[in-house]
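> with the input below, show me the fold.
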Amino acid sequence: MSDLMLEKASEKLKKAGVRMTAQRKVIMKYIYQNHNHPTAEEIFEEICRNHPDFASLSAGTIYNNLKILKKHGLIREIYSHNGIARYDSNVDIHHHLLCMYCGKIIDFYHPFTLPIEELHQKNGFKVEDLNIEVRGKCRECEERSVDRQE
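You can find the predicted model right below:
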């Protein structure tokens, strides 16, 4: 994670009246450096494994910080095919390819268009976010299944 990204995130939290704790900073660094859409448990395990000074960090602290980061638009929460929440540092409008075999999530960009204004006018529904999830088999899983057939 670049220092600039952390600085911008810290500034956004500060403006919202949320201080940057050491725990929050290390959680943000992990999420921004690892674009693998980690679960809260994966974040917790990695931080405990790689930061002995955070040995007393609790899973609750991870969940509370993820909730704050999500609330302030610094991360997105997405759900895998098995309903487990995963976290994405990429808050730009994008979509996801989800492998039903290994659980990998891959970001992809495509300009899908929906009649958003029409949804609001006809149904009174204000669209705040759009995430399209395409489920299937990633390249690696497809190659493994082809290898087993030979």
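> and L130, which of the three is it?
coil (DSSP: H, G, I helix; E, B strand; the rest coil).
> mind listing what it touches?
I93, F112, L114 (CB atoms under 8 Å, 6 or more residues apart in numbering). C-betas here are computed from N, CA, C, even on glycine.
> got the residues you listed as a markdown table, with pLDDT columns?
As requested, those are arranged in a markdown table below (pLDDT from 0 to 100):
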| residue | pLDDT |
| --- | --- |
| I93 | 82 |
| F112 | 72 |
| L114 | 74 |
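> can I get those residues in a markdown table with distance to Y63?
A markdown table is the format used below for those (distance: CB to CB, whole Å):
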| residue | distance to Y63 |
| --- | --- |
| I93 | 26 |
| F112 | 31 |
| L114 | 32 |
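> for these, which one is nearest C138?
F112 (20.9 Å; CB to CB).
> which non-adjacent residue is nearest that closest one?
Once flanking residues are discounted, F112 sits nearest to I132: 5.9 Å by CB to CB, 6 or more residues apart in numbering.
> test my guess that that neighbour contacts L114.
No: at 9.7 Å, I132 does not count as touching L114 under the criterion of CB atoms under 8 Å.
> tell me, what's touching those two both at once?
What both I132 and L114 touch, as defined by CB under 8 Å, 6+ apart, is an empty set.
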